[in-house]
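Engineer: Starting from these lines, generate the structure:
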Amino acid sequence: MSATDAGMSGGYDREWEVVIGIEVHVQLATETKLFCGDRPTFGSPPNTHVCPVCLGLPGALPATNPEAVRLAVRTALALGCEVHGTSVWARKNYFYPDLPKGYQITQFDRPVATGGRVSFDTEDGIGEVRIRRIHMEEDAGKSLHDRVSGATAVDLNRAGTPLVEIVTEPDLASPADTRAFLQALKQVLEYVDVSDCNMEEGSLRADANVSVRPVGEEALGTKTEIKNVNSFSGIEKALEQEIERQVALLESGGTVIQQTLLWDDHAGEIRPMRDKEESHDYRYFPDPDLLPLVLDPAEVDAIRNSIPELPRARRARFVSGYGLPDYDAGVLTLSRAGADFFEAVAEASNDPREAAKWVMGPYQAVLNERGEEGGEEVVPPRALAELVDLVADGTISHGVGKKVLGIMAREGLAAAAVVEREGLAQVRDETSLRGWVDEVMAAFPDEVERCRAGESRLLGFLMGKVMECSGRRADPHAARQLLQELLAG
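Structural biologist: The predicted structure follows:
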């Protein structure tokens with residue numbers, strides 16, 4: 001794509017292609033850290049979840065958390081990667097205040113998995129990003145620059161937290177595609193229950209490597225890395241700024257320097273952090289305290305067999321199996337819990353398409369009012385299916401159905417019980433309908449005469465009054481037919 005196609009300002013003399021690769025750090029949903037028994041609890045008082053192992057004290061030895069390994073393998077399989085039977089722990093050496101050991105335990109030349117791919121939606125169709133590698137590693141602590149005036153504080157609660165790092169090939173060509181890819185990746189990770197992916201709490205963090213080159217050139221340009229981004233919108237904005245900066249610099253005859261940049265979300269701008277390191281700067285070597293990680297093939301197969309239907313496959317099945325529009329299927333499969341809830345309603349209902357409309361519409365409105373997340377069962381699926389069928393067969397109107405749903409959510413009653421208690425069933429007998437229609441025609445004689453004279457829009461007004469007069473219990477089809485007959489007579 002060209003730089004101008006990416007949505008940047010300015011008329012450039014030359015067109016540029018954008019090349020983006022992503023490194024995603026995902027905190028695994030384990031009870032304890034990667035190499036010790038401390039709990040990686042968010043929001044605890046600083047330095048209260050630490051021990052000799054994650055502090056790197058002399059004589060303390062790490063022991064690998066098997067649950068973290070299981071979740072890493074599950075991540076790799078969900079992304080279509082090749083899981084390797086043997087991988088090796090390595091020490092990545094660097095010095096920073098929040099890294100107490102002076103090195104990070106990670107994987108280097110022999111990661112747990114390689115290959116794989118992620119598909120995502122773009123404005124032009126379906127995009128795809130190849131996964132280069134997935135490796136396990138421990139997290140560092142956190143430097144806090146706003147806690148102590150004139151100084152940096154260090155909280156080591158996160159030190160040792162289990163992560164997988166997902167490294168992509170440089171397959172992305174725009175900030176918008178990068179955001180779409182990350183959203184699709186997050187959705188898969190949530191579906192397979194490997195992480196809560198809470199970006200505000202640091203459970204999912206992404207670093208972006210970006211470069212530009214003239215259109216048609218094969219060699220990659222000099223890349224920069226953007227770090228410290230904690231939202232998808234922030235990643236998109238940071239990339240837009242950096243692409244524009246690189247293009248402007250090259251257009252003016254300058255040179256892009258390989259460096260690491262920080263995104264300041266409050267200021268909405270990027271700023272230099274340091275020159276970009278290469279792998280040799282970290283002096284990787286196998287960790288002498290940890291044996292190679294050897295996986296049992298039978299356990300890997302068991303993990304593979306436990307992976308649920310993934311979002312894109314489920315979305316396609318909702319379209320083919322339930323006859324839903326692609327957009328509706330996409331909304332209903334945004335979360336695994338939401339998709340499970342809809343499918344339970346659809347299976348219990350006589351009309352899956354009507355069930356979809358109710359789950360996305362009135363039921364979602366109830367969730368929003370209550371501050372619940374999608375997929376929460378404020379009304380059981382079978383109970384909602386019963387309500388959908390009562391509306392579909394004409395027992396109650398759609399408007400009354402929404403009222404019934406609200407009562408069901410508040411009181412836990414079945415739809416039929418609410419309809420009977422409140423007397424909400426639609427009235428079809430001609431005597432009752434004739435009484436309401438006669439009452440409305442007597443109350444609005446001018447509108448009746450104008451409607452008879454050809455102002456057909458007034459039919460809707462009169463029908464609204466009939467429904468209002470009946471407490472919305474009149475069968476709208478039967479009432480409309482009777483009203484039209486009396487107007488014609």
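
Engineer: top strand in the chain by residue count?
Structural biologist: Using DSSP state E to define each element, the chain has its longest strand at strand 125-138.

Engineer: Show me which residues of that strand are buried.
Structural biologist: 127, 129, 131-138 (16 or more other C-beta atoms under 10 Å). C-beta here means a position set from N, CA and C on the backbone, and glycine is covered the same way.

Engineer: Quick one: residues contacting the residue lying closest to residue 205 once chain neighbours are set aside.
Structural biologist: Spatially, and ignoring its direct neighbours in sequence, residue 205 is nearest to residue 25 (4.6 Å; C-beta to C-beta, 6 or more residues apart in numbering). Contact analysis of residue 25 by C-beta atoms under 8 Å, 6 or more residues apart in numbering lists 139, 163-165, 204-207.

Engineer: Least confident secondary structure element in this protein?
Structural biologist: strand 269-275 (a mean of 80; mean pLDDT, DSSP states H and E).

Engineer: Can you list the strands that the helix or strand following that one pairs with?
Structural biologist: Sequence order places strand 285-286 as the next helix or strand after strand 269-275, per DSSP states H and E. Sheet pairing for strand 285-286, assigned by DSSP bridges, gives strand 89-93 (antiparallel).

Engineer: Can you name the residues in contact with whatever helix or strand comes next after the strand it pairs with?
Structural biologist: Later in the chain than strand 89-93, the nearest helix or strand by DSSP H and E is strand 103-107. Contact with strand 103-107 is made by 34-35, 62, 87-94, 135-138, 140, 165, 287, 290, as judged by C-beta under 8 Å, 6+ apart.

Engineer: returning to that earlier point: so for the longest strand of the chain, what's the average pLDDT?
Structural biologist: For strand 125-138, mean pLDDT is 97.

Engineer: Which helix or which strand is home to the spatially most central residue of the chain?
Structural biologist: Residue closest to the average C-alpha location in the chain (C-alpha atoms, centre = their mean): residue 187, at 4.7 Å. Assigned by DSSP H and E, residue 187 falls within helix 175-191.

Engineer: who does that helix touch, helix- and strand-wise?
Structural biologist: strand 16-27, helix 66-78, strand 117-122, strand 125-138, strand 204-214, helix 232-251, helix 311-322 (3 or more C-beta pairs under 8 Å, 6 or more residues apart in numbering; DSSP states H and E).

Engineer: quick one, which of those is nearest to residue 57?
Structural biologist: Nearest to residue 57 among the helices and strands packed on helix 175-191 is strand 125-138 (15.3 Å), distances taken as C-beta to C-beta.

Engineer: Pairing partners for the next helix or strand along the chain from the closest one, with directions?
Structural biologist: Following strand 125-138 in sequence order, the next helix or strand is strand 142-148 (DSSP H and E). Using DSSP bridges, strand 142-148 pairs in its sheet with strand 151-155 (antiparallel).

Engineer: ok, residues contacting the helix or strand just after the strand it pairs with?
Structural biologist: Downstream of strand 151-155, the first helix or strand assigned by DSSP H and E is strand 162-168. Applying C-beta under 8 Å, 6+ apart, the contact partners of strand 162-168 are 21-28, 30, 33-34, 40, 65, 68, 71-72, 75-76, 79, 106, 112, 118, 129-139, 181, 185, 194.

Engineer: Tell me where the model's unsure across the stretch 201-350 of the chain.
Structural biologist: 274-279 (pLDDT under 70).

Engineer: again, 90 this time
Structural biologist: Counting by pLDDT under 90, the stretch 201-350 of the chain shows low-confidence ranges at 216, 227-230, 263-269, 271-282.

Engineer: From residue 395, how far off is the spatially closest residue to residue 308 that is not a sequence neighbour?
Structural biologist: Nearest residue to residue 308 in three dimensions, chain neighbours excluded: residue 191, at 6.3 Å (C-beta to C-beta, 6+ apart). Here residue 191 is placed at a distance of 37 Å from residue 395 (C-beta to C-beta, to the nearest Å).

Engineer: what do you get for residue 225?
Structural biologist: Taking C-beta to C-beta, one finds residue 225 at 61 Å from residue 395.

Engineer: picking that back up, which ChimeraX command selects the buried ones in the contacts of strand 103-107?
Structural biologist: The buried residues among the contacts of strand 103-107 can be selected in ChimeraX (16+ other C-beta under 10 Å) with this line:
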select :34,35,62,87,88,89,90,91,92,135,136,137,138,140,165,287,290
